[in-house]
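Asker: Fold the stuff below for me.
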Amino acid sequence: MIYLIPKRSRGQDQERSHLQESSIFVRMDPQHTDDVLKHLEKQKELLKEAHTTMLQELQKLEVEHETMMRKLYELMNTHTLNQKKMEETQNVLGGRETIEASSQSTVTTDDEEH
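Answerer: Now for the predicted structure:
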């Protein structure tokens, strides 16, 4: 069996002429072709297994990513609600202080009048 191994050529236009002129011929013993075929088949199986494993890992990571994004969304919503409640509480406390201050001044005014 004879395999044709082309040398690298410059330019796509001249590729065919260079391929014919500057090729290296390698004669391979038929004994080795069987070994090469077995090796390539083994490599193919290993690549398929690696591909399957990587797909499974990718799916796990996608699920984990989705879960983390949901948790982040919940956390952000909770944080926003807490901020709104704190602002309302501060507004109410600020309003009560104003009401208390005005009622104290009113009370003091009433006490002074009596």
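Asker: What segments of this structure are helices?
Answerer: Under the criterion DSSP state H, the chain contains helices at 15-21, 30-113.
Asker: possible to save those as JSON lines with mean neighbour count?
Answerer: The way it works is simple: take the backbone N, C-alpha and C, and place the C-beta from them, glycine included. Below are those laid out as JSON lines (neighbours: other CB atoms under 10 Å):
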{"stretch": "helix 15-21", "mean neighbour count": "12"}
{"stretch": "helix 30-113", "mean neighbour count": "10"}
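Asker: now residue 74: how far from residue 68?
Answerer: Residue 74 sits 11 Å away from residue 68, going by CB to CB, to the nearest Å.
Asker: repeat for residue 84
Answerer: Distance of residue 84 to residue 68, given as CB to CB: 25 Å.
Asker: next one: phi and psi at residue 28?
Answerer: When quoted as degrees, to the nearest 10, the phi and psi of residue 28 stand at phi -110, psi 130.
Asker: how many neighbours does it have?
Answerer: Per other CB atoms under 10 Å, the neighbour tally for residue 28 reads 11.
Asker: switch to numbering from 2
Answerer: Yes, from this point I'll number from 2; that puts the last item at residue 29.
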